[in-house]
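> quick one, fold the following:
(one chain, ligands or ions: 1)
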Amino acid sequence: MTDGARQITVPVRLVHRDAVAPAYAQHGDAGADLTSVAEVTLASGERALVPTGVSLAIPHGWVGLVHPRSGLAARHGISVVNAPGTVDSGYRGEVLVNLVNLDPRESFTVRVGDRIAQLVLQEVAEGLFELSDSLPPSPRGETGHGSTGGFGPESTTGRE
Ligand SMILES: O=c1ccn([C@H]2C[C@H](O)[C@@H](COP(=O)(O)OP(=O)(O)OP(=O)(O)O)O2)c(=O)[nH]1
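Okay, the predicted model is just below:
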């Protein structure tokens, strides 16, 4: 049941005996949990490509984005190096999660079956990149990299 959310069928192949198909923990979740099929210990500052045991056939025009789980991040400093990872629609290999342990002291062990990341499905447009000598004007123009100021209108930090 999605109460009107878009639904797309994503064929899943389990390529490891401990693999679990991506699943939404709660109704309304944006991300479907990805679980580990390996036990991996990450020392402080260490990273590893952790296998999920699943291969997907994401429909053309969609992408799977591998996001960190906020609970793991808040409790243990575990994140995804390339967040969000991009799983292309044409990719048929096993989804891997590039986990990193950002805790300054503690190591962290991922166990088989642990939910390590979440997969968000999004529709994507295909750009038709056309060379042009000039671009249409816009309010921002060419400014960027903090051009609008620091931390908001009430900022008193002076770090503008
Ligand atoms: O977190 C991730 C990110 C990517 N992939 C897989 C699916 C994706 O379709 C493929 C390639 O990813 P990406 O395009 O980000 O990598 P690249 O470094 O540009 O490699 P390539 O030259 O293969 O495109 O790797 C994962 O399993 N997990």
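> helix or strand: which one has the residue lying farthest from the centre of the chain?
Distance from the C-alpha centroid of the chain peaks at Asp133, with 35.6 Å (C-alpha atoms, centre = their mean). Using DSSP states H and E, Asp133 sits within no helix or strand.
> and it, how close does it get to the ligand?
Counting by C-beta to the nearest ligand atom, to the nearest Å, the gap from Asp133 to the ligand is 30 Å. In short, each C-beta sits where N, CA and C put it, glycine included.
> for Leu72, same thing?
The spacing between Leu72 and the ligand, counted by C-beta to the nearest ligand atom, is 15 Å.
> with Val66 instead?
With C-beta to the nearest ligand atom as the criterion, Val66 and the ligand are 4 Å apart.
> could you check the pLDDT of that residue?
Looking at Val66, its pLDDT is 98.
> same check on Ala5?
Model confidence at Ala5 (pLDDT) stands at 86.
> what about it, how many neighbours?
9 (other C-beta atoms under 10 Å).
> which SS class is the residue lying closest to Ile78 once chain neighbours are set aside?
Spatial nearest neighbour of Ile78, chain neighbours left out: Leu72 (4.1 Å); criterion: C-beta to C-beta, 6 or more residues apart in numbering. Here Leu72 is recorded as helix under DSSP: H, G, I helix; E, B strand; the rest coil.
> is it true that Leu72 touches Ile116?
Yes. Under the criterion of C-beta atoms under 8 Å, Leu72 makes contact with Ile116 at 7.3 Å.
> what do these two both touch?
Shared contacts of Leu72 and Ile116, defined by C-beta atoms under 8 Å, 6 or more residues apart in numbering, are found at Ile78.
> these two - which one has more neighbours?
Ile116 (24 against 20).
> contacting residues for that one?
Per C-beta under 8 Å, 6+ apart, neighbours of Ile116: 34-36, 50, 52, 69, 72, 78, 97, 99, 110.
> ok, Ile8 next?
59, 62, 121.
> most neighbours out of those, which is it?
Most crowded among the contacts of Ile8, counting by other C-beta under 10 Å, is Leu121 at 20 neighbours.
> could you check how far that one is from Arg69?
16 Å (C-beta to C-beta, to the nearest Å).
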